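> sequence first, then the predicted structure:
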Amino acid sequence: MFIKNCWYVAAWDIEVPQDAMLARTLLGEPVLMYRTGAGRVVALENRCCHRAAPLHLGRKEGDCVRCMYHGLKFDPTGACVEIPGQETIPAKTCVRSYPVVERHRLVWIWMGDPALANPDDIVGYPWHDSPEWRMKPGYIHYQAHYQLIVDNLLDFTHLAWVHPTTLGTDSAAAIKPVIERDTKGLGTLTISRWYHNDDMPNLHKRVASFEGKVDRWQTYQWSPPALLRMDAGSAPVGTGAPEGQRVPEAVQFRHTSIQTPETETTSHYWFCQARNFALDDAQMTEQIYQGVVEAFEEDRTMIEAQQKIMSQVPNRPMIPIGSDSGMNQARWLIDRQLKAEQAQASAAAGAHPVIPVFPVTPVGAV
Amino acid sequence: MFIKNCWYVAAWDIEVPQDAMLARTLLGEPVLMYRTGAGRVVALENRCCHRAAPLHLGRKEGDCVRCMYHGLKFDPTGACVEIPGQETIPAKTCVRSYPVVERHRLVWIWMGDPALANPDDIVGYPWHDSPEWRMKPGYIHYQAHYQLIVDNLLDFTHLAWVHPTTLGTDSAAAIKPVIERDTKGLGTLTISRWYHNDDMPNLHKRVASFEGKVDRWQTYQWSPPALLRMDAGSAPVGTGAPEGQRVPEAVQFRHTSIQTPETETTSHYWFCQARNFALDDAQMTEQIYQGVVEAFEEDRTMIEAQQKIMSQVPNRPMIPIGSDSGMNQARWLIDRQLKAEQAQASAAAGAHPVIPVFPVTPVGAV
Amino acid sequence: MFIKNCWYVAAWDIEVPQDAMLARTLLGEPVLMYRTGAGRVVALENRCCHRAAPLHLGRKEGDCVRCMYHGLKFDPTGACVEIPGQETIPAKTCVRSYPVVERHRLVWIWMGDPALANPDDIVGYPWHDSPEWRMKPGYIHYQAHYQLIVDNLLDFTHLAWVHPTTLGTDSAAAIKPVIERDTKGLGTLTISRWYHNDDMPNLHKRVASFEGKVDRWQTYQWSPPALLRMDAGSAPVGTGAPEGQRVPEAVQFRHTSIQTPETETTSHYWFCQARNFALDDAQMTEQIYQGVVEAFEEDRTMIEAQQKIMSQVPNRPMIPIGSDSGMNQARWLIDRQLKAEQAQASAAAGAHPVIPVFPVTPVGAV
C-alpha cells in the first residue's frame, strides 16, 4: 500500500526520448510514457482496455499510441479514438491517463485522484538545469521496499559504518543532527549536521582546491513520500561557514535522492550530485558520479540484504535507538498521509480529503 | 480450473518414441507417456503411488514401467504388478491410467471421467497423415493461459497488427467474418473470411506459381476446448474460388492449431501447415514451417506480454469490441462446459452429466 | 514446522574458520556463526534487532560482532554492548543467541528452549576425529524437505534401484532388515542388514585387499530428527563376521549422514565415509569421498524430483509397502516429538515438556 495523492518521479527527462516509449511499473501499476509531437510527456495505463495487451508493444502515431494487438488507438487523455472495423466508440473505451509535469529535468507523475493534482506542490530541484550547476543524472533499481531507502537517507549515522572510505568519516556517528519539521504543507523535514574542524571525506578531497581541516555540513530537506534535497560541502576551518559565509574555495554540492515504489519489494531510485565549480570539467563530472555510485552500491548491498531478512522472518519487532529520530519522523509523516487517504477513501466519494493535523512539537526519537 | 471431460492433445506421435518415455504436465497433472511393445501409447500418472517419485526417472520393462526409487512396477492400466520383497499387492496400489487414442499423428488423452471417453468424439485432422498432403509438425511452449491463445486464434483482425509482414495484409482488419455454430455436439464454430481481389500475404507469395491479385480465404472450424482446423488459400482473382471452384494453381493449405493447458499460466501448443502441392520439396516444407514459426513468435511475444499484465493487475474489466464475436462465442462455449462439469460434480456421483442446452441463435458480438 | 528442542548440526568445524563468519538459514531462521578469540563457536540470530540488517555483513570485533549498518555491537550472548551516540542500552536491545557445542568436528546447535539444551544428549561420531579413522567431510545442499532424505536413508531397498552400480548389489532389495528401537531417550533405531555370501559393491571392491564372495553388513543407528551413524563393511565369506569377528583384511567403514532443515523445501546435508585402513593414503581418501558423492548425487536426483512432484500435486495419499518399516518408525518418532512440542507450547509457559510414552512394541510396517 502506497501514498497515492502526491507527486512521484517517474523518470529523468532523457529516459523518455522523443522517438521511443518507456514502460515502467510505478506503485504496482503498469505505466507507459512517451512524448507528443510538441515534446510533452504523456503517461498512460500500459494496458489496453480491450484485452489487456501492453501498449509499449504498440506504435506511436502522432500524439497517440496504437495497441498493436487489435489496433485500438488512444489519445493522450487515454480516450480511444479508433477501433478498427467499428464506427461507434463507447465512452468507457479508454485507458487511464496520469497527470504529468516535466520540471527540473524530472518527469513527475500523479498516481492518485487527478482532481487533487496541483503542479505548485512539486518540490524544486533547480540545480538540475541551472547554468550555475553541473551534474550527471543517475538511476538505480532496488530489490527493496522504498521506505528502507528512505530510512537510510534520514539517518546519517550509517555513514560511519556503511561508507567509511567514501562518504563517511570517523566523526559521522557522533554528530547529532538538528531536525525541524514544517508544520504546513507536505511536512518537509530539514535536517542539519555540522562537523566542525573535521577531516574532509574522500569524495570532497578528490575535488578540493585546498587541504587541511574543514568545517563541513550536510543540510537536507526531505519531503514525503521520498524526496531528498541536500546542500553539502566543506570549507576551510574558521572561514565562517557555520555562520553562513561560504568562501570561494569551499567545496559545494547539491544532492538529489528520490525514490518511487515499483512494487512492495522493489523500487526506483533517481539521484545526482551537482557542483558549482569546474563546470566544464567533464572528467570531474564523471569522477563525482562514479564516487556517488560506489557509495550507493554500499547502501544497496546493505538495504537489499535487510529486505531479504525482513522477507524471510517478517513481522519481528524493531528496537529503536536514539539516532532514529529523522527516520521516525519520516515514517510518521508517511503513515499519517496513508491513514488520511484511507479515511478519505472510506468517506463519501468526491469529498475533499481530510488533511491530518500535525502536532506542533516535533516527534523526537523514541 | 479446466474442462476435464474432453479429448486433449498430449503430444505429436514422434514425441513418444518407441524406446523412451515422455513426461509432461497436462492440466496441472504430471503425466508419463510411453509405448508398449506393440506400439500403443500408454499415459500414466507420473507419480508413484508409494512415495510420489516420478515414474519418468523409472525404467520401461516390456509394457510396464518400473519406479526406480523402490522398484514398484506398474502395467499399462496403472495397476502395480510387483512390489520388491513383498508377496501381496493391495488393490489400491496403483497409479491413474488415462484413456489414450493415437489418430492423425496426434496422441489424444482424456483427463476426465474415463467412462465418458468416446474416441468417436475426436476431431479429425486427416491432412496430418494423408498422402495428398505434406507438413512438418511443430510445438511451442507458452507462458500464458491457453484461453489467451484461443482468443488470438478466433479473432483474425489481429493479423493486420501483429503479423503485417508475415500472415497479414492491410485488408485483414476490415474483413468481417461469417460465424456459424453447430448447435449439436461440441458446438463447433465455423468462421469464414473472404478477401476478394486482394494481395497475397507473403507466406503465400513465396510458394505461389502465379502473381497478381487473388481471391483468398480463411475458413476454419474451432471446437472446444482448443482445437482449430483451417482451410486457407489464394486463387487467381476471378477463377471462381468464392463459388467453390479451386483451380490447380491455387495455393491451398490446411492448418492445425491446438492448445492444451499445462498450468494456469502456461500452455502447450501444437501446430502445422500442410500443403497439397510440391509434396516432395523438402526445402519448401521447411520454408513454410519457418514462416509459420516466425509468425507464431509474433503472437507469442504479444500473448505472453498480455499474460504478464493480467498477472500484474488481475481482475480488471475488459472492454469488448465488435470483432470479439468469434472469441466471445468460444469463451461462452468453454464456460458452458465448465459449468456443466461443476454441476455434474455437485450432483450425485455416477449421475450422467447434464448437457447444457445451447441457444439456437448464435451469440453475437457485444 | 520442525522439531525445535533437539540438537541439530549447523556446520562442520572447518566451515566456521577463526577469521570469518558463516551465515546459514536453519529451520527457517537466519543464523550467524563465528569463533571467539578462544576459538569457541558463537551462533547468533543473523538479524540486527535495530533495523533487521544481517549481521554477516558486519564486522567481528574481538568476541563480539558489530552490525555495519548503524554500528550496534553484540556480545556472544546476543546482548547489545554498544549503541553509537547513545549512553543507555535498553535490556531488550539484543539478538537471540543459540546454545552451541562443538564435538567430533561438528558444530551442534539448539534452536529450541535453551533451558532444555543438554550437551549430554548429543549423539557421538568418534570416527570424525579418532586417530584410528580417516575421512573427508562432505556437504550437499538439497532442494527437498529433510524428511524425504531421512526416508531414503531408512529404507535400504532403494540401493538396488537408485545405486545399482555404486552402493547397491542385486541382492539389496531382497534383504530384510532387523529393526530395533531404544524405548528410552531419543528413541534411536538400530537397523541391521546382513548379506551372506554376497558380492562386494563397487565402493568396497575398489579398496579391498582381497577378492571373492563376502559376508557384508550395514548396521546403522538413526536418531531423530536426522542423525545417522553406520557401521558398514565386507569380510571374506566364512571368516566369522556375522558372529562378531572381523578379520584384519575386512573392509570396514563408519558412515555419517546428517540433515538439518533449511526451509520447508530445502535442506542441509553433512556426510562422511571414514575407514580404519590405509590411513595415510590421501588418494584413497579422495577416491572414497568421490565414490560417496557419486552415489549421493543419484539420491539427490531422485529425491529432488520427488519433492517437485509433491509440490506440484500436494496432499495425495502415499500407499505404504512392507519395506517402509524403518521409514515409518522414523516418521512416527519425529511426529511424536513434534506433537509433544506443540502440546508443550499450548501448556503453561515454563512448564516442563510432556515426554510422550513410546509403545514397547516396535511399530511395524503398515
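That came through fine.

> interface residues of chain A facing chain B?
Residues of chain A lying near chain B by C-beta under 8 Å from any C-beta of the partner chain: A:25, A:28-30, A:46-47, A:49-54, A:57, A:66-72, A:83-86, A:90, A:92-93. The way it works is simple: take the backbone N, C-alpha and C, and place the C-beta from them, glycine included.

> which of those fall in strands?
A:25, A:29, A:30, A:66 (DSSP state E).

> now do the contacts for the closest residue in space to the last one that isn't next to it in sequence.
Counting by C-beta to C-beta, 6 or more residues apart in numbering or on different chains, residue A:66 lies nearest to residue A:73, which is 4.4 Å off, once chain neighbours are set aside. Contacts for residue A:73 (C-beta atoms under 8 Å, 6 or more residues apart in numbering or on different chains) come out as A:61, A:64, A:65, A:66, A:67, A:80, A:81, A:82.

> follow-up on the earlier one: and which of the ones in strands among the residues of chain A next to chain B is nearest to residue A:99?
Residue A:99 has its nearest neighbour among those in residue A:29, at 13.8 Å by C-beta to C-beta.

> quick check: bridge partners of that closest one?
residue A:26 (DSSP bridges).

> go ahead and confirm it touches residue A:112.
No: in this structure, residue A:29 is not within contact of residue A:112 by C-beta atoms under 8 Å, at 11.2 Å.

> for the stretch 1-150 of chain A, what spans make up the helices?
A:146-153 (DSSP state H, counting those that start in this stretch).

> which residue does it have closest to chain C?
Distances from the stretch 1-150 of chain A to chain C, computed as C-beta to the nearest C-beta, single out residue A:148 as the nearest residue at 8.2 Å.

> for that residue, the count of nearby residues, please.
For residue A:148, the neighbour count with other C-beta atoms under 10 Å in any protein chain shown is 22.

> hmm, residue A:303 and it touching each other?
Yes: if you go by C-beta under 8 Å, residue A:148 and residue A:303 touch, sitting 5.1 Å apart.

> what does the stretch 101-250 of chain A have sitting close to chain C?
Counting by C-beta under 8 Å from any C-beta, the stretch 101-250 of chain A comes close to chain C at A:151, A:155, A:157, A:158, A:160, A:161, A:162, A:173, A:174, A:176.

> next step: those restricted to strands.
Residues of those located in strands (DSSP E): none.

> and those residues, which two are furthest apart?
A:151 and A:174 (20.1 Å).

> quick one: end-to-end length of stretch A:239-251, please.
13 Å (C-alpha to C-alpha, to the nearest Å).

> now for residue A:219, how many residues are close by?
Number of residues near residue A:219 (other C-beta under 10 Å) recorded here: 16.

> now do the SS call for it.
Of the three states, residue A:219 takes strand under DSSP: H, G, I helix; E, B strand; the rest coil.

> is it bridged to anything, and to what?
The partner residues for residue A:219, given DSSP bridges, come to residue A:192, residue A:231.

> and the longest strand along chain A, how far from the chain's centre?
Secondary structure of chain A per DSSP E: the longest strand is strand A:251-263. When C-alpha coordinates are averaged (C-alpha atoms, centre = their mean, to the nearest Å), strand A:251-263 and its chain have centres 5 Å apart.

> packing partners of the helix or strand following it?
Remark: after strand A:251-263, the chain's next helix or strand is strand A:266-275, criterion DSSP states H and E. The elements that strand A:266-275 packs onto, with contact taken as 3 or more C-beta pairs under 8 Å, 6 or more residues apart in numbering or on different chains; DSSP states H and E, are strand A:7-12, strand A:138-142, helix A:146-153, strand A:251-263, helix A:282-312.
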